[in-house]
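K.L.:
model the structure of this input:
(one chain, ligands or ions: 3)
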Amino acid sequence: MEDENLYLELLNKRDIQPTAIRLLVLKAMMQAGRSVSLLDLEDLLDTVDKSTIYRTLTLFLSHHLVHSIDDGTGSFKYAVCHASCSCEVNDLHTHFHCVRCNHTFCFTNIPTPIVKLPDGFTLSSINYVLKGLCPECAAKEDSRR
Ligand SMILES: [Zn+2]
Ligand SMILES: [Zn+2]
Ligand SMILES: [Zn+2]
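P.N.:
Ligands and ions are numbered 1, 2, ... in the order given. So this is what the prediction gives:
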């Protein structure tokens, strides 16, 4: 029940009318503990219609409840934003894509590095994705040696 209130609060904070489906999608995303693709969400919520999931995700994105990550795999991943995020350049953090398990992680406490741009260029977004092995996959790699 406590959890339920947390999700309600998150939706309220972002001016999203809470519905059963929206609560369900948000809950699945938070419980996943990592970023999810649309396909992951469809798997997690196999009772929910695909277009409903997509519409909910689009709504979440436009209200900055979640952010999208282009990790270079061709399918976007989505993760819940932290409470004070407004998805502006100053809010952006580092992402890590594990090339073995294909999971993409949010390093919310590692901001993207600031790059000084030449005169005349205006920054609107940064896509900063590091690639390598996550701890789980690195451990498997070690045990194989
Ligand atoms: Zn955000
Ligand atoms: Zn991995
Ligand atoms: Zn993130």
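K.L.:
helix, strand or coil for the closest residue to Cys101 other than its chain neighbours?
P.N.:
Spatial nearest neighbour of Cys101, chain neighbours left out: Cys137 (5.4 Å); criterion: C-beta to C-beta, 6 or more residues apart in numbering. Every C-beta, even on glycine, is put in place using the N, C-alpha and C of the backbone. Three-state assignment for Cys137 (DSSP: H, G, I helix; E, B strand; the rest coil): helix.
K.L.:
touching ligand 1 at all, the helix or strand containing Leu11?
P.N.:
Assigning secondary structure by DSSP states H and E places Leu11 in helix 2-13. No - Helix 2-13 lies out of reach of ligand 1 by C-beta under 5 Å from the ion, never closer than 12.3 Å.
K.L.:
now the helix or strand following that helix - C-alpha only, CSV.
P.N.:
Next in sequence after helix 2-13, counting helices and strands by DSSP H and E, comes helix 20-32. Provided in CSV are the C-alpha atoms of helix 20-32 (Å, rounded to 0.1, in the frame of the first residue of the first chain):
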residue,chain,number,x,y,z
ALA,A,20,-4.9,2.0,-13.2
ILE,A,21,-2.9,1.5,-16.4
ARG,A,22,-0.6,4.4,-15.7
LEU,A,23,0.1,3.2,-12.2
LEU,A,24,0.8,-0.3,-13.6
VAL,A,25,3.3,1.0,-16.2
LEU,A,26,5.1,3.2,-13.7
LYS,A,27,5.2,0.4,-11.2
ALA,A,28,6.7,-2.0,-13.8
MET,A,29,9.3,0.5,-14.8
MET,A,30,10.4,1.3,-11.2
GLN,A,31,10.5,-2.4,-10.3
ALA,A,32,12.6,-3.3,-13.3
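K.L.:
cool, thanks, talk later.
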